[in-house]
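In: any chance you can model this:
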Amino acid sequence: MNPVIHFEMPAEDRKRMAEFYTRVFGWRTQMLGEDMGDYVVVSTTETGEDGRPQNPGAINGGFFRKSDDNAVVSVVIGVDDVKAHAQKVAEAGGKVLGQPAEIPGIGWYASFIDTEGNRVGMLQPSG
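Out: Now for the predicted structure:
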């Protein structure tokens, strides 16, 4: 099985959203720069030196800039081969959005639309 390993949520105001989740749930946030699309890395649980959750079953996530094209919450599924799974998505009736892209130090990522119109991500972690 391939587990959910990450979540993403859109934000109109990333600082406001980060402050909200920090205040309510104690999450830690890291604001990335313009070169990374002003993405906000979110830690919902303790992480190891590799940045991955230490607690089995726990996941971390991120906030991305909200737009008309991507105003939905998304989950990211961990896979061992993102290209092979992109092919499986297409064969099963989904639509892969673009080509897999490398996220330095994280892994290879691809988004797709499932048969019900949901935007979902896949990540082949580095190492």
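In: drop to CA atoms for contacts and neighbour counts, all remaining ones
Out: Fine.
In: tell me how the protein divides into domains.
Out: 1-67, 79-127 (automatic domain parsing).
In: make CSV from the ones you listed and add mean pLDDT, mean neighbour count and distance to V73 to it.
Out: Output for the domains of the chain, formatted as CSV (pLDDT from 0 to 100; neighbours: other Cα atoms under 10 Å; distance: least, Cα to Cα, whole Å):
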stretch, mean pLDDT, mean neighbour count, distance to V73
domain 1-67, 89, 15, 5
domain 79-127, 92, 16, 8
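In: and the contacts of stretch 52-72?
Out: 4-14, 37-48, 119 (Cα atoms under 8 Å, 6 or more residues apart in numbering).
In: what residue of the protein is the furthest out?
Out: E91 (22.9 Å; Cα atoms, centre = their mean).
In: and the longest helix for this protein?
Out: With secondary structure taken from DSSP state H, the chain has its longest helix at helix 14-25.
In: the very next helix or strand once past it: partners in the sheet, and parallel or antiparallel?
Out: Later in the chain than helix 14-25, the nearest helix or strand by DSSP states H and E is strand 28-31. Using DSSP bridges, the strands paired with strand 28-31 are strand 40-43 (antiparallel).
In: my read is that A18 contacts G26, right?
Out: No: contact criterion Cα atoms under 8 Å: A18 and G26 do not qualify, at 10.1 Å.
In: helices of this structure, start to end?
Out: Secondary structure of the chain, counting by DSSP H: helices at 14-25, 82-91.
In: excluding sequence neighbours, find me the nearest residue to V79.
Out: Q124 (5.1 Å; Cα to Cα, 6 or more residues apart in numbering).
In: quick one: end-to-end distance for stretch 66-80.
Out: Terminal residues of stretch 66-80 are spaced 29 Å apart (Cα to Cα, to the nearest Å).
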